[in-house]
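J.: What follows is a protein structure lacking sequence information:
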């Protein structure tokens, strides 16, 4: 018997989970992506791109496609999607689990300035001109147009189009993981004296945080949003172990 699983993805962990499930014939796995990345990594499972139309649309999809389990493996800052997933699970009566990586913790030598939003991060840059490295999604950059006196170095998976309406911005298109040694070179080359980052957690993008510590650079750290309280796991292996208990393998599998 095959069990149908829908993974709400967009993270490294979602991709690794989908790859692990693709090797198990007892699961029919679909990975759902928001469609914001133009060139997603090819996957060995069915991939769906685009939104569902809110919680009710997602609930209808779960019912129409006979989904047995919903896994929220979205980015820690995708609060609206996570809220919709929890509500859709309730409406459709389909169980939900979340794969949520732990956030980074401040270490000795870090210079973190905690803020609540991107807009607050713009204000935290201050009135004096600074050379800022923006490690954010391209959809979140627009508020920085209100602080035109800074110099920006912006890195994103896809090109920022149209570019920001600021007088001095450099753009880097790259996909992680990023090594600490490379981040040290990048920050030094561009004379960066402040980083704006989300507390994404994981190792793929931590290099810039470790590099900032070495260089004594301030990090304006945007706090994580509050997410729905659902059954959650911090690793792919923990989710796989849960699936083995939730869907016990039939004799002979």
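T.: Looks like it arrived, so ask away. Small disclaimer: the values here were computed from a predicted structure and weren't measured.

J.: Which stretches in this structure count as strands?
T.: Assignment of strands within the chain using DSSP state E yields the ranges 3-8, 27-33, 46-49, 69-72, 96-99, 112-115, 131-135, 151-156, 169-173, 194-198, 218-222, 231-233.

J.: ok, which stretches of the stretch 151-253 of the chain are helices?
T.: 180-189, 207-215, 236-246 (DSSP state H, counting those that start in this stretch).

J.: Among these, which comes closest to residue 119?
T.: Nearest of these to residue 119, taken as Cβ to Cβ: helix 207-215 at 21.6 Å. Backbone N, C-alpha and C define where each C-beta goes, glycine included.

J.: Buried residues, the closest one. List them.
T.: Of all the residues in helix 207-215, those buried under the rule 16 or more other Cβ atoms under 10 Å are 207, 208, 209, 210, 211, 212, 213.

J.: Relative to residue 193, which of the residues you listed is nearest.
T.: Checking the buried residues of helix 207-215 one by one against residue 193 (Cβ to Cβ), the nearest turns out to be residue 212, at 9.9 Å.

J.: need the contact list for the closest one.
T.: Contact analysis of residue 212 by Cβ atoms under 8 Å, 6 or more residues apart in numbering lists 110, 111, 187, 195, 218, 219.

J.: which two in those residues are spaced the farthest apart?
T.: Going by Cβ to Cβ, the pair spanning those furthest: 110 and 187, at 14.4 Å.

J.: Mind checking which of these two has more residues around it?
T.: Taking neighbours as other Cβ atoms under 10 Å, residue 110 and residue 187 compare with residue 187 leading, 21 against 17.

J.: May I ask you to confirm that the more buried one is in contact with residue 216?
T.: No. Look at residue 187 against residue 216 with Cβ atoms under 8 Å: they stay out of range, at 10.7 Å.

J.: so who does the residue lying closest to residue 69 once chain neighbours are set aside touch?
T.: Spatial nearest neighbour of residue 69, chain neighbours left out: residue 5 (5.0 Å); criterion: Cβ to Cβ, 6 or more residues apart in numbering. Going by Cβ under 8 Å, 6+ apart, residue 5 touches 21, 27, 28, 29, 30, 67, 68, 69, 70, 71, 243.

J.: what sits opposite the third one in the beta ladder?
T.: Each beta-bridge partner of residue 28 is listed here: residue 4, as defined by DSSP bridges.

J.: ok, now how distant is it from residue 40?
T.: 20 Å (Cβ to Cβ, to the nearest Å).

J.: Then the fifth one?
T.: Here the distance between residue 30 and residue 40 works out to 14 Å (Cβ to Cβ).

J.: what ranges of this structure fall below the confidence cut-off?
T.: 35-39, 250-253 (pLDDT under 70).

J.: Which residue lies nearest the spatial centre of it?
T.: residue 75 (2.9 Å; Cα atoms, centre = their mean).

J.: Scan the chain for its longest helix.
T.: Criterion DSSP state H: the longest helix present in the chain is helix 79-92.

J.: Run the angle between that helix and strand 3-8 for me.
T.: In terms of direction (axes from the mean of the first three to the mean of the last three Cα atoms, to 10 degrees), helix 79-92 departs from strand 3-8 by 150 degrees.
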